[in-house]
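J.: Okay, here's the prediction I keep looking at, along with the sequence it came from:
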Amino acid sequence: MPDTPPESPFKLNRTRIFLLAMGILVVLITMSMMMGGLTSYQSLKEAADAAKEPSAAQMNTN
């Protein structure tokens with residue numbers, strides 16, 4: 001029976017890669033929520049839509 005060296009505790013296997021990916025996903029979601037989440041995106045979208053249409057002051061000058 002050959003002596004096999006013990007497996008390194010830092011060796012990446014499928015389970016550890018999955019756990020790392022889930023951890024990264026949690027960090028990304030947390031950072032997104034801290035920066036305003038979907039409400040900021042909705043506000044930005046509404047402002048962009050409003051900027052496409054001329055305002056009342058712009059309509060009166062033309």
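T.: On my side now, so go ahead.

J.: got the CA positions of stretch 33-43 in CSV?
T.: Extracted C-alpha coordinates of stretch 33-43, given in CSV (Å, rounded to 0.1, in the frame of the first residue of the first chain):
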residue,chain,number,x,y,z
MET,A,33,-28.3,46.9,-1.6
MET,A,34,-25.9,49.2,0.2
MET,A,35,-25.7,51.4,-2.9
GLY,A,36,-29.4,51.8,-3.2
GLY,A,37,-30.5,48.6,-4.9
LEU,A,38,-33.4,48.7,-7.4
THR,A,39,-34.9,51.9,-6.1
SER,A,40,-32.0,53.9,-7.3
TYR,A,41,-32.1,52.2,-10.7
GLN,A,42,-35.8,53.0,-11.0
SER,A,43,-35.2,56.7,-10.1
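
J.: Which helix or which strand is home to the residue nearest the centre of the chain?
T.: Ranked by distance to the mean C-alpha position of the chain (Cα atoms, centre = their mean), the top residue is residue 28 at 4.6 Å. Assigned by DSSP states H and E, residue 28 belongs to helix 14-34.

J.: Around residue 32, how many other residues sit close by?
T.: 13 (other Cβ atoms under 10 Å). Using the backbone N, CA and C atoms, a C-beta is placed for each residue, glycine as well.

J.: I should have written residue 54 there, sorry.
T.: Close neighbours of residue 54, defined as other Cβ under 10 Å, add up to 11.
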